[in-house]
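Student: Next one to model:
(one chain, ligands or ions: 1)
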Amino acid sequence: MVGALPAETEILVIGAGLGGVGAAAKLLHAGHESVVVLEAGDRIGGVWRVNQYPNVACDTPIDLYAYKFFPGDTWSTNFAPGTEIQAYFERVAKQFGVTPRIRFNTRVSSAVWSEQTGRWLVTSTDGRQWSARYVVWAGGLFSQPLLAVTKGVETFTGLSVHSTEWHEGIDLEGKRVAVSGDGPVYTHWPDTMESFGVRIASEGMQGVRFNRQKVPA
Ligand SMILES: Cc1cc2nc3c(=O)[nH]c(=O)nc-3n(C[C@H](O)[C@H](O)[C@H](O)COP(=O)(O)OP(=O)(O)OC[C@H]3O[C@@H](n4cnc5c(N)ncnc54)[C@H](O)[C@@H]3O)c2cc1C
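Tutor: Residues are numbered from 1 along each chain as shown. Alright, predicted model coming up:
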């Protein structure tokens, strides 16, 4: 046993975001009882756990984003806010019996296949080990911040924060704000800035504003 979970398991899932929670839920539902999930963070949710900035939301209509096997029925809009999505994943994990099978604060550092035993030897950064017949990688792409390497950034003395590091104590009111990056998160920022009364000077940024109509789900 490692903690309360067996160190020998049939299936080991790495990551407890949309991919990992969904995979574990379906496996358990299909009758596979021997499932362990290892999660680097202290909660499930993946990108929705780490992105807590104002106006974080789904850009895909939520009926397409939610699992087909558990559509959810409490969405306030078609482009559900991050808090609702986070709560949804927690509900799914609880309902399908995934939660007790997750070991949190456990980052996998290697997974080595042995031809001899026909099993994976999975090691975490704190030196613990698991043996598994099958490994499901669900570590995602976007939960680890990639900090932009911008010339001169090291001399910037103001507040500099990645979207995954946002916290309630941050107040943009009266500030001059520069946003770096142009992925989906960027389209949330015009609304976020305006919620702090920050005037948007960039036409480009106005142009990417996400049209999140408040359509009942
Ligand atoms: C703000 C934001 C909005 C988005 N909106 C949409 C959208 O509207 N529609 C859409 O289709 N996609 C959207 N995405 C993309 C999003 O990445 C996917 O929709 C989906 O949530 C990814 O789920 P995942 O489980 O693959 O990965 P993640 O959510 O990244 O979860 C991976 C988990 O694995 C854990 N992990 C990683 N490495 C290890 C390790 N070595 N050991 C243990 N645990 C590990 C992480 O801590 C994390 O909890 C959005 C992304 C962001 C950031």
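Student: from what I can see Met205 touches Pro190, true?
Tutor: Yes: between Met205 and Pro190 there is a contact at 5.7 Å, judged by Cβ atoms under 8 Å. All C-beta spots, glycine's among them, are computed from the backbone N, C-alpha and C.
Student: Among these two, which residue is more densely surrounded?
Tutor: Between Met205 and Pro190, Pro190 has the larger neighbour count (other Cβ atoms under 10 Å), namely 20 against 16.
Student: Double-check that that one belongs to a helix.
Tutor: Yes: using DSSP: H, G, I helix; E, B strand; the rest coil, the secondary structure at Pro190 is a helix.
Student: Now Ala40. Nearest residue, chain neighbours left out?
Tutor: Spatial nearest neighbour of Ala40, chain neighbours left out: Arg107 (4.0 Å); criterion: Cβ to Cβ, 6 or more residues apart in numbering.
Student: can you count the residues close to the one you found?
Tutor: Residues near Arg107, counting by other Cβ under 10 Å, number 13.
Student: OK, contacts around it?
Tutor: Leu38, Ala40, Ser124, Thr125 (Cβ atoms under 8 Å, 6 or more residues apart in numbering).
Student: Let's see that with 6 Å instead.
Tutor: Taking Cβ atoms under 6 Å, 6 or more residues apart in numbering, we find Arg107 in contact with Ala40, Ser124, Thr125.
Student: Look at the spatially closest residue to the second one that is not a sequence neighbour and say how many residues are nearby.
Tutor: Leaving out its chain neighbours, the residue that sits closest to Ser124 by Cβ to Cβ, 6+ apart is Thr106, at 4.8 Å. Neighbours of Thr106 under the rule other Cβ under 10 Å: 22.
Student: before we move on, what about Val98?
Tutor: Neighbour count of Val98, defined by other Cβ under 10 Å: 27.
Student: so how far is Leu28 from it?
Tutor: Val98 is 7 Å from Leu28, where distance means Cβ to Cβ, to the nearest Å.
Student: got it, and Gln116?
Tutor: For Gln116, the distance to Leu28 equals 29 Å [Cβ to Cβ].
Student: ok, how many other residues are close to the residue nearest to Phe96 when sequence neighbours are not counted?
Tutor: Excluding its sequence neighbours, the residue lying closest to Phe96 (Cβ to Cβ, 6+ apart) is Ala25, at 3.7 Å. Residues lying near Ala25 (other Cβ under 10 Å) number 21.
Student: what does the average pLDDT come to for the one helix or strand Ala25 maps to?
Tutor: Using DSSP states H and E, Ala25 falls within helix 18-29. The pLDDT scores in helix 18-29 average 98.
Student: For that helix, output the C-alpha coordinates as PDB.
Tutor: What follows is helix 18-29, C-alpha atoms only, in PDB (Å, rounded to 0.1, in the frame of the first residue of the first chain):
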ATOM      1  CA  LEU A  18     -11.200  16.300 -17.600                       C
ATOM      2  CA  GLY A  19      -9.200  13.400 -19.100                       C
ATOM      3  CA  GLY A  20      -8.200  11.500 -16.000                       C
ATOM      4  CA  VAL A  21     -11.500  11.900 -14.100                       C
ATOM      5  CA  GLY A  22     -13.500  10.800 -17.200                       C
ATOM      6  CA  ALA A  23     -11.200   7.800 -17.900                       C
ATOM      7  CA  ALA A  24     -11.400   6.600 -14.300                       C
ATOM      8  CA  ALA A  25     -15.200   7.200 -14.100                       C
ATOM      9  CA  LYS A  26     -15.800   5.100 -17.200                       C
ATOM     10  CA  LEU A  27     -13.400   2.400 -16.200                       C
ATOM     11  CA  LEU A  28     -15.000   2.000 -12.800                       C
ATOM     12  CA  HIS A  29     -18.500   2.100 -14.300                       C
END
